[in-house]
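Peer 1: one predicted model, sequence on top.
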Amino acid sequence: MSVSIFEIIGPVMIGPSSSHTAGAVRIGSLARRILGQTPEWANITLYGSFKATYRGHGTDKALTAGLLGMRPDDERIRGALALAEREGLKLNWILSDTEVEHANTARIQLGAKDKTITVQGSSLGGGRVAITSIDDFPVYVTGQAHTLITCHDDRPGMVAKVAQILANNQLNVGALNLSRRSKGDLALMVVETDEAIPATVKEELLSVPLVHRLVSIPFEMDW
Amino acid sequence: MLKQISSVQQLIDIATQKDVPISQLILEYEQYVSDTNAETVLNHTRHILKTMYSAIEEGIHSKERSHTGLSGGDAYLYDKKGSLLEGVAAKALVNAIAASETNGRMGKIAACPTAGASGVTPGALFATADKLGKTHEDLVYPLLTASGIGVVINHRAFLAGALGGCQAEVGSAAAMTAGAIVELAGGSPRQVGQAAALAMKNLLGLPCDPVAGLVEVPCVKRNGMGALVALAAADLALAGVESTIPVDEVIDTMAKIGKDMPIGLKETATGGLAITPTALSLTEKILGS
Ligand code: SF4
């Protein structure tokens, strides 16, 4: 795949570490966007080198900043913990010795009102990240493309219905990933599209029977 | 138009044949990759340059230590006292350390190619611009060339200490920067490649061994020294000196060295400088509290 030069020079960010600071902001930011609203509370577990060096690298501040909707270049990252307190975001930190696949990994359970989700994400270097699970469904969400996530009942034709709506609206699918708990149970689909998904299309998708939830994460440069 | 960049030689050949600087090819490549226009790419590059410059400015005027106390204040000290290297070299050194110290203080920087190595490119580029009487705007295209070299390194090797040691971070930054300086000084595409090869060769094997796993020691000073390597490599290449080993082969062997490197030397803080007695006691003081 061809890599953008702005993955090589950039991001513009608050230091000191592209993986432990900028990447952490992005993991928090994806968690917030997957929840679909500002979280009121979060239980954050740090693994591996996130756990070992979070204080020196400001990983805790960075994750919090992401949950508050900041980007990696936001000057308020340094004061994110205090800001969270002022804005009523309750945080609970857990340090884990469990071995994980990626050195820089965080698991975030977050919620607002009656909604709760759990996402796990890793920082892959240079500010690149991947969310690797949502509510224990294995996924791969990087935020580097326009992304659509649907949660629906696992029934024949569901994927086709979603794909058809995208096609009718001239939205080209670049990647599609499907996982389910078990046959006929809940399924989670991650679709990357070349174009951003307009609000009207989101409504159309949500009106499909058996689609329970839908999240759209538009890609922006320097997100 | 280039849709994929897989070698520096490919960039040199096309640029030479078309009689354009390498940066022109990179500008077209990025328009394709990001599906955008030239002005957007150039403006974003300007934004990065501006951030780099303010990171230097902020760093040079501050005596403040970082949150951990491991770094900070050396750029200020050197700026006031250093004299042996007077001129572009001293400027590159102090600039690079300053930008790195800003990074250590959780200031705003532009990763290039990572945050840890983010002092090298601004350090040497702005110093060279001063020396040659160029403006900041003149740095936009050379920075594109630097990024093009980075794309190749990312493709053939890696740009992360955790994957390949510091040769992949400060080494890559020096190679990217050396190429950019050559273009800024009016050198040929071939000389850009030579400069990148010369710079990277000299940093091969450099481990990633940060004290307490934090991007401060030895990173800050390594950025300063990396900027000097970039300058020296560019100066040699501009004089017509060539690297016996071609640039893409140097990058390939950097990848091989990185793979062969023991895990303790790849950002785990379990080898190299990170396990010296002094580092261990600092680690305990910082992480133990
Ligand atoms: S020692 Fe490691 S963390 Fe520090 S600059 Fe080099 S590669 Fe980056």
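Peer 2: Thanks, I have the structure now. Given the structure is predicted, the values throughout are model-derived calculations rather than measurements.
Peer 1: now do the helix or strand that contains residue B:254, average pLDDT.
Peer 2: Using DSSP states H and E, residue B:254 sits within helix B:247-260. Here helix B:247-260 scores 98 as its mean pLDDT.
Peer 1: hmm, the worst-scoring helix or strand of chain A on mean pLDDT in reach of the ligand?
Peer 2: For chain A, using mean pLDDT, DSSP states H and E, the weakest element among its helices and strands is helix A:48-57, scoring a mean of 88. No - applying Cβ under 6 Å from any ligand atom, one finds helix A:48-57 separated from the ligand by no less than 10.3 Å. The C-beta positions use only the backbone N, C-alpha and C, and glycine is treated the same way.
Peer 1: what's that helix packed up against?
Peer 2: With contacts defined as 3 or more Cβ pairs under 8 Å, 6 or more residues apart in numbering or on different chains; DSSP states H and E, helix A:48-57 has these neighbours: helix A:59-67, strand A:104-112, helix B:277-288.
Peer 1: winner for burial among these?
Peer 2: Highest mean neighbour count among the helices and strands packed on helix A:48-57 (mean count of other Cβ atoms under 10 Å in any protein chain shown): helix A:59-67, with a mean of 28.
Peer 1: contacts made by that helix with the rest, please.
Peer 2: Helix A:59-67 is contacted by residues A:14, A:20-32, A:39, A:42, A:44, A:46, A:50, A:53-54, A:72, A:74, A:76-81, A:83-84, A:89, A:91, A:93, A:106, A:108, A:110 when judged by Cβ atoms under 8 Å, 6 or more residues apart in numbering or on different chains.
Peer 1: ok, longest helix in chain A?
Peer 2: When chain A is parsed with DSSP state H, its longest helix is helix A:23-35.
Peer 1: anything in it near chain B?
Peer 2: No - Helix A:23-35 does not reach chain B (Cβ under 8 Å from any Cβ of the partner chain); its nearest approach is 9.8 Å.
Peer 1: list the helices and strands that helix packs on?
Peer 2: Contacts defined by 3+ Cβ pairs under 8 Å, 6+ apart place helix A:23-35 against helix A:59-67, strand A:104-112, strand A:115-125, strand A:128-134, strand A:211-217.
Peer 1: what angle sits between the first one and helix A:48-57?
Peer 2: What it means is helix A:59-67. What separates the directions of helix A:59-67 and helix A:48-57 is an angle of 90 degrees, with axes from the mean of the first three to the mean of the last three Cα atoms, to 10 degrees.
Peer 1: cool, the second one as well?
Peer 2: Following the same axes, to 10 degrees, one obtains 80 degrees for the angle between strand A:104-112 and helix A:48-57.
Peer 1: now tell me what touches strand A:104-112 from outside.
Peer 2: A:19-20, A:23-24, A:27-28, A:31-32, A:35, A:37-50, A:59, A:63, A:67, A:116-124.
Peer 1: please redo it, this time with the cut-off set to 7 Å
Peer 2: Residues outside strand A:104-112 that contact it (Cβ atoms under 7 Å, 6 or more residues apart in numbering or on different chains): A:19-20, A:23, A:27, A:31, A:35, A:37-50, A:63, A:67, A:116-123.
Peer 1: mark which of those are buried, thanks.
Peer 2: Buried subset of the contacts of strand A:104-112 (neighbour count, 16 or more other Cβ atoms under 10 Å in any protein chain shown): A:19-20, A:23, A:27, A:31, A:35, A:39, A:42-50, A:63, A:67, A:117-123.
Peer 1: stretch A:83-95 and chain B in contact?
Peer 2: No - figure legend: stretch A:83-95 not in contact with chain B (Cβ under 7 Å from any Cβ of the partner chain); closest approach 11.6 Å.
Peer 1: with just CA atoms, put that stretch into CSV.
Peer 2: The C-alpha coordinates for stretch A:83-95 follow below in CSV (Å, rounded to 0.1, in the frame of the first residue of the first chain):
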residue,chain,number,x,y,z
LEU,A,83,-10.0,18.9,32.6
ALA,A,84,-11.6,15.5,32.8
GLU,A,85,-12.4,16.1,36.5
ARG,A,86,-13.9,19.5,35.7
GLU,A,87,-16.0,18.1,32.8
GLY,A,88,-17.3,15.2,35.0
LEU,A,89,-15.5,12.4,33.2
LYS,A,90,-14.8,9.8,35.9
LEU,A,91,-11.6,7.8,35.3
ASN,A,92,-10.4,4.6,36.9
TRP,A,93,-6.9,3.3,36.0
ILE,A,94,-5.9,-0.3,36.2
LEU,A,95,-2.3,-1.5,35.6
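Peer 1: shaky segments in chain A?
Peer 2: By pLDDT under 70, the weakly predicted segments of chain A are A:1.
Peer 1: from it, which residue is nearest to the ligand?
Peer 2: The ligand sits closest to residue A:17 of chain A, with a gap of 7.4 Å, by Cβ to the nearest ligand atom.
Peer 1: could you tell me how many residues sit around that residue?
Peer 2: 36 (other Cβ atoms under 10 Å in any protein chain shown).
Peer 1: which residues of the stretch 151-289 of chain B lie near chain A?
Peer 2: By the rule Cβ under 7 Å from any Cβ, the part of the stretch 151-289 of chain B lying against chain A is B:151, B:154, B:159, B:160, B:162, B:163, B:212, B:213, B:214, B:215, B:216, B:286.
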